[in-house]
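Chemist: Structure for this input, please:
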Amino acid sequence: MNLELPESSSMLSDTFERFFETESSIDRVRAAEPTGFDPELWRAVVEMGAPTMRIQSDLGGEMSLFDTMLILKQAGRRLVSVPLAEAIVTLRVLDEIGSELAKTWIERSGDGETVLTIALRPIEPGKKVLTCGGAVAAGVMAYDGEALLLLIPTGKPEPVTALAGCALAHLDPGACEKHTLATGDEARRLWDSAVEEWRLLNAAMLIGLSQQAIQMAADYASERQAFGVQIGTYQSISHPLADDVIDADGGELLLWWIAKAIGENDPEAPAMSAFAWWWAVGNATRSVAHAVHTLGGYGLTNEYDVQLYNRRAKAFSLVGGDPSEALEAAGRRLFLDETVALPPAGDMPLDFKPAVEELGLVEETRAFFEEHMPQELRGVPDHSFEGHHWEFSRALGKAGLLMPSWPKQWGGRGVTSAAARESAAVWNEFGYTGTPRQVAFMVGEIVMRFGTPELQQEVLPRIGGGEILTCLGYTEPSGGSDVFAAKTRAVRDGDEWVINGQKMFTSGANMASYVLLLTRTDPDLPKHKGITLFLVPMDSPGIEVQPIFTYMDERTNATFYSDVRIPDRYRLGEVNGGVKVMSAALQLEQGASGYHQAERTMVKAAAEWARRNTRGGKPAIEHPDVLSRLARTQGHARIIELMAVRSIWSQAKGRADKAQGPASKVFTTSKFISDSADLLDLTAPDSLVRGKSGIGLIEQGYRHSAATSVYGGTSEVLRSMVAERRLGMPRSRA
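Modeler: This next block holds a predicted model:
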C-alpha cells in the first residue's frame, strides 16, 4: 500500500499549480468571459506541452493518466479558459491512429494558434452539436455511429451566449470538411476511449474547482462576523462545507484508484469511470451552491469570484450531456456486462492494496475459516457482540489470526495494518461478527501505547489469544456524544483509585473482562483537561451491568460503578491527560471502516432480487432507475473503502492529521444509512420480511445502519473536526 505522491508527480502538480495561478489568474478569467477563450493562455499551455502530454510519439510527453489528472485538477482550480481536456483527448487519439492526416494535425497543434477539440455527443445528419472550444477550433473530432471523423469547419462558427464561456459553439457537420479517421469497431473503440478519458479529466477539473470553491467559502466564513462571532462557528455553515470537501476528496481518491485499476484490468474500472464523472458533477454542483450561500448576497454579485465557480461547475461538465446517463451506464457495466474501451493509463505509482507477499494472509485466513468455523455460525451474519463464539475466537488467537498486526509476543503475526485489514475482510465473507474483535483491537492498541509493561503483560496476550473481550465506557446518560463532559469520578486513595458513576451503551460489558473507562479526576479543571482513562477489570467489586436491547437485535448495557477500587497500574497515560489517550482511541475507531463490505453485500442481494423480478414488463435489472441506484451504492462502497485505506495509511505513516478518520466515518455512515434505506425501497415490499440471507440482509443493514452515525463520535462532532482540520475553520463547538 502506498498513497505517497512520488517526487516527480508532486513537482509536476506544483509546477502547473504555479503556472495556472499566473497564466489563468482571476483577472484573465474575467477578461475571457465573453467567449471563454484566452488565446494567450492557449499559447502558454502549448508552450508547456500540455495539449500533447498524452501523446506517445516523439511529439508528445507520454504522460500517464494519473499525472494528467493531477494537472487537470490544477486547471480546474483556476477555471482555465481553454478547452484543455478536450484537446488532450483529441490529440491522444490522433496519435494512436497514427495516419498521415493525424500526424499533420498533431504537428499543426504545436503552433500555438491551432485548437483541436472533440464533439462529445455523437453527430446526426441535419443536427448541430454544441461543442466546447467549437468557437475557436480548427478541427473537431466527432463520431457519427459508424466512423470517427475529423471535421474542419469551412467557416467560423458563432460563439453562443451560455451559462459560462468555454468557447461554446454549435458545430454544423454539414458545413465542415469531413476526413475519416477510423471506421467500424475500431472507430467505436477509439470513440469510447476518448469519451471515457474526457470524463476522467473533466472529473479531475471539477474536483479541483470544488476544492477551491469550498476553501474560498471556508476562508470567508472564518473572517466574516455576524452577531458578534465568525459565521464559520455556526454548524449550519461549516457542516455543509465539511460534507462537500469530504465528497471532493473521496472523488479524488476514486480517480486515483481508477488510474490504477485500468492498468490492472480491474473488472470494475469501466463502471467506476462513468460513476466518477457523475460523482464529480454532483459534488461540484453542491459545493458551489454552498459556497455562494456562505457568502450570502455578496456571492451573487459579479464583483465576487465565487459566482465564476458556480457557473463553470455546470458549464465545464454539461457539454458532455446529462450526468445521470453516466450513472446508468455504470449500472449496465456492473450488472448487464456491458463493455466499453478505456484509455491507456500508463504508470501509476500509487497502490491501494497490500504488497503481493502480504496477501497470503488473506488466503490463510480464508482456509482457516473453511476448516474451523463452526457450522452453526455459517450463513448467519451478525454485527454484534452476541455473535461472538469463544471457542472459534480462541482458535483464531492460537493461530495468530485474531490480531495479526500485533507483535508475536502479544499473539499476532507482526504483519502490516494493510495486510491485517485485508484478512479481516474474510470475516465478512463468512458472516462472522467482527465487532468484538474490533473493540478488543482498539483497546489493546491503547494499552500498547499508554499502559505500563505490567499491564501490557497482563492484558495483551489474553486479548491476542482470544481469551478475553473488552468494552468501551465512554458515554454517560447526561453527556451523550460529549464524552469529555464525563461525571464518573475517579478519586485517588494512595496507590488506588476509587471510581463512582454510570455509563450508557457499554456494548459487550456482559461478556468483557475489561472496560476502557473515561473518568473525571479533577472537577476543578476545564472539562477537557480533568479526565483520565483506566482499564478497569470487570470483575472488580462494585460493578453492575444491566441490559438494554435495541431494535437492531443487539444488546448493549448500562454499567454502574459504586466504590470500585483499582490499583494505579490500570491507569492509561498521565493523570488528567486523558484527552491524548481518548484522541488516539477515537482515531483508531473512526478511520478503519469495513462497511464497504456491507454495502456490497446489500447491492449483491438487491441485484439478485432485480434479476428475479420484473418492472414495467421486463426484468427489473434492465430498468434504468434500478441500474442507476445499484451503481450508486456500488460506487459509494468503493469510495468508503478508499477513504478507510487512506485513513489507515495516514496513521501508519504518521501523516499530519487532516481529519482523515473523521471524514471517513462521516462519509461511511451517511452512505450506509441512505443506501440501506434506498435499497430497502427498491426491493419493497419483499424487503420488509426479515431474514439472514438475500434481501433480508438489506433489512438487517437498514436497522444496523441507524446506530453508525452515533458511536465512535457523532457525525455532527466529526463534521466539525473536518471543518477545523481540513478547511482551517474556527471551532464550532464548546
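
Chemist: was I right about Gly251 contacting Phe275?
Modeler: No - if you go by CB atoms under 8 Å, Gly251 and Phe275 don't touch, sitting 9.8 Å apart. In this view, the C-beta of every residue, glycine as well, is placed from N, C-alpha and C.

Chemist: So those two - more neighbours on which side?
Modeler: Phe275 (31 against 28; other CB atoms under 10 Å).

Chemist: dump the residue contacts of the more buried one.
Modeler: Taking CB atoms under 8 Å, 6 or more residues apart in numbering, we find Phe275 in contact with 254, 326-327, 330, 631-632, 634-635, 638.

Chemist: Serialize those residues to JSON lines and add fields for distance to His528.
Modeler: Shown next, in JSON lines, are these (distance: CB to CB, whole Å):
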{"residue": "Leu254", "distance to His528": "36"}
{"residue": "Ala326", "distance to His528": "46"}
{"residue": "Leu327", "distance to His528": "44"}
{"residue": "Ala330", "distance to His528": "45"}
{"residue": "Ala631", "distance to His528": "44"}
{"residue": "Arg632", "distance to His528": "40"}
{"residue": "Gln634", "distance to His528": "41"}
{"residue": "Gly635", "distance to His528": "38"}
{"residue": "Arg638", "distance to His528": "37"}
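
Chemist: Quick one: residues contacting the residue nearest in space to the middle of the chain.
Modeler: With distances taken as CA atoms, centre = their mean, Gly250 lies nearest the centre of the chain, 3.1 Å away. For Gly250, the contacting residues are 639, 642-643, 663, 667, by CB under 8 Å, 6+ apart.

Chemist: from the residues you listed, which ones fall inside helices?
Modeler: Members of those lying in helices (criterion: DSSP state H): 639, 642-643, 663, 667.

Chemist: on that earlier part again, so which helix or strand takes in the residue nearest to the centre of the chain?
Modeler: Following DSSP states H and E, one finds Gly250 within helix 235-263.

Chemist: Looking only at that helix, what residues are buried by neighbour count?
Modeler: 235, 237-263 (16 or more other CB atoms under 10 Å).

Chemist: picking that back up, just the buried subset of the contacts of Phe275, please.
Modeler: 254, 326-327, 330, 631-632, 634-635, 638.

Chemist: As TSV, those residues with pLDDT would be great.
Modeler: Below are the buried ones among the contacts of Phe275 laid out as TSV (pLDDT from 0 to 100):
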residue	pLDDT
Leu254	98
Ala326	98
Leu327	98
Ala330	98
Ala631	98
Arg632	98
Gln634	98
Gly635	98
Arg638	97
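
Chemist: Could you point out the member of those residues that lies closest to Glu496?
Modeler: Arg638 (51.2 Å; CB to CB).

Chemist: Tell me who's in contact with the closest one.
Modeler: Neighbours of Arg638 in contact, by CB under 8 Å, 6+ apart: 254, 257, 268, 272, 275, 596.

Chemist: Which one among these sits at the bottom for pLDDT?
Modeler: pLDDT is lowest at His596 among the contacts of Arg638; the value there is 89.

Chemist: Quick check: closest non-adjacent residue to Lys580.
Modeler: Gly573 (6.0 Å; CB to CB, 6 or more residues apart in numbering).

Chemist: Now do that neighbour, the pLDDT please.
Modeler: At Gly573, pLDDT is 96.

Chemist: Number the chain from 728, please
Modeler: Okay, residue one is now 728; in that scheme the one you just asked about reads as Gly1300.

Chemist: got the contact list for it?
Modeler: 1177, 1259-1260, 1307-1308 are the contacts of Gly1300 under CB under 8 Å, 6+ apart.

Chemist: I would like the residues contacting whichever strand or helix holds Pro1188, please.
Modeler: Assessed by DSSP H and E, Pro1188 sits inside helix 1180-1191. Helix 1180-1191 is contacted from outside by 1124, 1129-1130, 1133, 1136-1139, 1167-1168, 1170-1171, 1174-1175, 1178, 1195, 1197, 1240-1241, 1262, 1296-1297, using CB under 8 Å, 6+ apart.
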